[in-house]
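Q: Have a look; sequence and predicted model below, questions after that.
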Amino acid sequence: MPVQKFHSADGSKVERVVLSGPEGSSAEVYLFGATVTSWRSGGRERLFVSSLAKLDGSKPVRGGIPLVFPQFGPGDLPQHGFARTRRWTLFSAEEHGQGVVVNLQLKDDADTRASKWPFKFDLLYTIDLTATTLSTVLRIENVDSQPFSFTSLMHTYLRVSDIATTAVGGLKGVVYADKVKGTSDQVEQRDEVTVAANEDRVYTNVPGIVTVTDGGEKISIRRFNYKDIVLWNPWAEKAAEMSDFANEEYPQMICVEAGTVAGSISLSPGQTISCGQILTAESTSANI
Ligand SMILES: O=P(O)(O)OC[C@H]1O[C@@H](O)[C@H](O)[C@@H](O)[C@@H]1O
């Protein structure tokens, strides 16, 4: 069965779905936050989820792909907006020629309309799995009678075997803001960006494909309507401040987050936009 539904302990609602694709590929998605918590391809888990992550809806999931909308970072709303902490609806799930696709939906409700972002919206989140790709696309529709603006991002926690041998390509020549150092106009000089400390950077207007290599493994990130890339690893010092992240886990992950966060996206009444990423796993060594 390509899509399996798992219910909450009391059996009253679907808690998560598991997609089974070709060649042993799979993905798991929680309806809480529409959070993808697992993506297996080429016999490997490609996403990192902390062993201390809360999966009971008590806080955003520390790992996988939390969805940031309508606000990146701190601001009028809670950090990273409300999409990652709302319960989404399972809209549809079906097999297609090359894999399986699931659509989740989130609409405004009394709580969101009472928030500092009070607009009427309709979100459709499409998670599409093939043997080697996971595509996540967020379609945002303005169903209000007034325009609105937002920032959004897919906060992807990639699992790596060792941060010391992990390199991110595709950022050379890109201007970035360094949130740790407090600078905003540096230009990346490196072909391969490595991380060896607490890093929190926003690369703006990234032009093409971004790659993450880790030993013989490579993930390519293709984006559309998402201009920026956030690079984040908490390292030991920030890890110690997070109750839902084990101290020793930071070498096993890197967040490479596709989004539009340096500027915002505006939609007029009736307008829609689809923003997303396609992650492709290219293994040179399968380990099933
Ligand atoms: O702890 P949170 O809210 O999930 O955020 C984690 C990190 O998310 C990153 O996207 C931000 O750039 C960081 O500043 C932030 O610390």
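A: Sure, I can see it.

Q: just the strands in the stretch 51-200 of the chain please.
A: Here the stretch 51-200 of the chain has its strands, by DSSP state E, counting those that start in this stretch, at 67-68, 89-96, 99-107, 121-129, 133-142, 148-154, 157-159, 166-169, 175-178, 183-187, 192-193, 199-203.

Q: Which other helices and strands does the longest one contact?
A: Identification of packing neighbours for strand 133-142 by 3 or more CB pairs under 8 Å, 6 or more residues apart in numbering; DSSP states H and E yields strand 35-41, strand 121-129, strand 148-154, strand 253-267, strand 272-283. The C-beta positions use only the backbone N, C-alpha and C, and glycine is treated the same way.

Q: coming back round to it: okay, the strands of the stretch 51-200 of the chain, which one's buried deepest?
A: Sort the strands of the stretch 51-200 of the chain by mean neighbour count, taking mean count of other CB atoms under 10 Å, and strand 67-68 sits at the top with a mean of 27.

Q: List the residues that contact the closest residue to residue 117 other than its chain neighbours.
A: Closest residue in space to residue 117, ignoring its immediate chain neighbours: residue 70 at 5.1 Å, by CB to CB, 6 or more residues apart in numbering. Residues in contact with residue 70 (CB atoms under 8 Å, 6 or more residues apart in numbering) are 77, 81, 82, 83, 117, 121, 148, 150, 151, 152.

Q: quick one: residue 103 and residue 91 touch, right?
A: Yes. Counting by CB atoms under 8 Å, residue 91 is a contact partner of residue 103 at 4.2 Å.

Q: Show me whatever sits in contact with both of the two.
A: residue 124.

Q: For the nearest residue in space to residue 144 that is not next to it in sequence, give its distance to residue 112.
A: Leaving aside its chain neighbours, residue 144 sits nearest to residue 120 (4.1 Å; criterion: CB to CB, 6+ apart). As judged by CB to CB, to the nearest Å, residue 120 and residue 112 stand 9 Å apart.

Q: Ok, residue 50 next?
A: 27 Å.

Q: With residue 128 instead?
A: 26 Å.

Q: same deal with residue 247?
A: Counting by CB to CB, the gap from residue 247 to residue 112 is 35 Å.

Q: Between these two, which is the more surrounded one?
A: Higher neighbour count among residue 247 and residue 112: residue 112, with 21 against 10, using other CB atoms under 10 Å.

Q: Touching, that one and residue 144? I think so.
A: No. Judged on CB under 8 Å, residue 112 makes no contact with residue 144 at a distance of 11.5 Å.

Q: Now render the helices and strands packed on strand 133-142 as JSON lines, adding mean pLDDT and distance to the ligand.
A: Listed next are these as JSON lines, based on pLDDT from 0 to 100; distance: least, CB to the nearest ligand atom, whole Å:
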{"stretch": "strand 35-41", "mean pLDDT": "98", "distance to the ligand": "11"}
{"stretch": "strand 121-129", "mean pLDDT": "98", "distance to the ligand": "18"}
{"stretch": "strand 148-154", "mean pLDDT": "98", "distance to the ligand": "7"}
{"stretch": "strand 253-267", "mean pLDDT": "98", "distance to the ligand": "5"}
{"stretch": "strand 272-283", "mean pLDDT": "95", "distance to the ligand": "14"}
